[in-house]
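S.K.: I'll drop the sequence and a predicted model, then ask my questions.
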Amino acid sequence: MIPKVVSWKKDTVGDLEALLKGGDTIAVIDIHGVPAGAMLGMRAALRSDMQIQVAKKRLMAIAWERMGYKSEDLNALFEGVVQPALVSSANLNSFQMFTELKKTEAGRAAKEGDIAPHQIVVEKMDTGMPPGPIVGELNSVGIPAKITGGSVQIQKRTVVLEAGEVFVGDMGMMLSKIGINPIVTGLRLCGTLEDGTLFQPSTLDIDYEQFETDLISYAAGAFNLACNITWFTSQTMPTILAKASREAMAVALEAAIATADTMPHLVGRAHGSALGVAGQLDSEALDEELTNMLGAAASAAVSAVASSSDSTSEAPTEAEEEEEEEEEESFGGLGDLFG
């Protein structure tokens, strides 16, 4: 006699198949430790971007195989999962889904029997708590504390638990009292499947600000390299042409090649050189025009020096006045001290 399949299991498998059809990005999340009330709120907040279905692993596997996906991919997504849920999204890619699910995570106090997710360290600090029984309670779980300056202080940096060790007694409660809530609850993404590619959480966990900074740096380095090796592209051509124009102008000026562009510079250089030579000659050897030109140049130079000295002397004068005022105040204070 063939056993009947419970109707609710058929319905659940049908819902899971519909979920798998409904999105291009498929994922498995772990909802272990998430309170029912919090879970309802999280699902409501994420409903516009993704579908979430909680089910047993066996029912998920049946729907997975019916949709033609590889069973080894699902097994990879199930690694480390305690209480799985299947997720799909038509709006988010794997990276965006990881970011949205990451927002649901929050720390809570450890309970007896919880496993430390990482090394738990208590730093040397002033807890700000007033004196009381808390000092003995902290010491009883291996956290060195005593009263200093009217408040409870942790005396030294202490490793209270290593990763994988179990919380016992009141350790979790004592850590929570000093602001350490090491157990992270939330919709933990265990992996995604997108366009046939599996993504692990470690791959999806990206610092986007640093990523953007790195991209800008890499692009700038590539642009500089392309310009320096004269790599012709639509982006580098304006810079390469501008550089070539500046270098050509410099060569033309050094070679005294007369063109419409170089003539103003060459004439200005010749004029300056002529004035320099004229300035070395006796005044009787100069005609009236050269004498006037040298006088105008000298007046302009004196005016420039005077304006520069005026602008630089004002600040020191003010500083000197401030120093004098400070000296007068300090001497007045000493005079008051001695009588």
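M.R.: Cool, the structure landed.
S.K.: okay, the closest residue to G191 other than its chain neighbours: pLDDT?
M.R.: Spatial nearest neighbour of G191, chain neighbours left out: L77 (4.5 Å); criterion: C-beta to C-beta, 6 or more residues apart in numbering. C-betas here are computed from N, CA, C, even on glycine. As predicted, L77 sits at a pLDDT of 93.
S.K.: what sits against L77?
M.R.: Applying C-beta atoms under 8 Å, 6 or more residues apart in numbering to L77 gives the contacts 27-28, 190-193, 198.
S.K.: Can you report phi and psi for it?
M.R.: Backbone torsions for L77, taken as degrees, to the nearest 10, come to phi -70, psi -30.
S.K.: And the helices in the stretch 101-250 of the chain?
M.R.: For the stretch 101-250 of the chain, the helices defined by DSSP state H, counting those that start in this stretch cover 134-140, 171-177, 201-204, 208-228, 237-254.
S.K.: Most tightly packed of those helices?
M.R.: helix 171-177 (a mean of 20; mean count of other C-beta atoms under 10 Å).
S.K.: Now do that one: which elements does it pack against?
M.R.: Packing contacts for helix 171-177, counted by 3 or more C-beta pairs under 8 Å, 6 or more residues apart in numbering; DSSP states H and E, involve helix 134-140, strand 158-161.
S.K.: E247: which of the ones you listed is closest?
M.R.: strand 158-161 (62.9 Å; C-beta to C-beta).
S.K.: chain center to the closest one, what's the gap?
M.R.: Chain-centre distance of strand 158-161: 29 Å, with C-alpha atoms, centre = their mean, to the nearest Å.
S.K.: partners of that strand in the sheet?
M.R.: The partner list of strand 158-161 in its sheet, established with DSSP bridges, is strand 120-122 (antiparallel).
S.K.: what comes up buried for the strand it pairs with?
M.R.: Across strand 120-122, burial judged by 16 or more other C-beta atoms under 10 Å covers 120, 122.
S.K.: so how far is A76 from the residue positioned nearest the centre of the chain?
M.R.: The centroid of the chain falls nearest to E209 when counting by C-alpha atoms, centre = their mean (4.1 Å). E209 sits at a distance of 30 Å from A76 (criterion: C-beta to C-beta, to the nearest Å).
S.K.: likewise D24?
M.R.: Look at D24 and A76: by C-beta to C-beta, they are 19 Å apart.
S.K.: D15 now?
M.R.: 23 Å.
S.K.: Give me the neighbour count for V141.
M.R.: Residues lying near V141 (other C-beta atoms under 10 Å) number 17.
S.K.: Just to check, it is in contact with T158?
M.R.: No: in this structure V141 lies outside contact range of T158 using C-beta atoms under 8 Å: 10.2 Å.
S.K.: Quick check: which ranges of the stretch 101-250 of the chain have low pLDDT?
M.R.: Low-confidence segments of the stretch 101-250 of the chain, defined by pLDDT under 70, are absent.
S.K.: for the helices of the stretch 101-250 of the chain, which one sits closest to E100?
M.R.: Nearest of the helices of the stretch 101-250 of the chain (C-beta to C-beta): helix 201-204, 11.2 Å.
S.K.: Show me the contact partners of the closest one.
M.R.: 94-95, 97-98, 189-192.
S.K.: Tabulate the residues you listed (TSV), appending neighbour count and distance to E112.
M.R.: Formatted as TSV, the contacts of helix 201-204 follow (neighbours: other C-beta atoms under 10 Å; distance: C-beta to C-beta, whole Å):
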residue	neighbour count	distance to E112
S94	25	37
F95	17	37
M97	27	34
F98	20	32
L189	26	28
C190	19	26
G191	25	31
T192	28	34
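S.K.: and R269, how far is that from Q235?
M.R.: On the measure of C-beta to C-beta, R269 and Q235 end up 36 Å apart.
S.K.: got a list of what V34 touches?
M.R.: 42, 185-187.
S.K.: Would you write a ChimeraX line that selects the buried entries of the residues you listed?
M.R.: Restricted to buried positions by 16+ other C-beta under 10 Å, the ChimeraX selection for the contacts of V34 reads:
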select :42,185,186,187
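S.K.: Pick out whichever of the contacts of V34 sits closest to K57.
M.R.: L187 (17.1 Å).
S.K.: where's that closest one relative to Y69, distance?
M.R.: Distance of L187 to Y69, given as C-beta to C-beta: 21 Å.
S.K.: Quick one: residues contacting Q235.
M.R.: Q235 sits in contact with 223, 226, where contact means C-beta under 8 Å, 6+ apart.
S.K.: swap that for M50, sorry
M.R.: Per C-beta under 8 Å, 6+ apart, neighbours of M50: 23, 87-89, 91-92, 97, 100.
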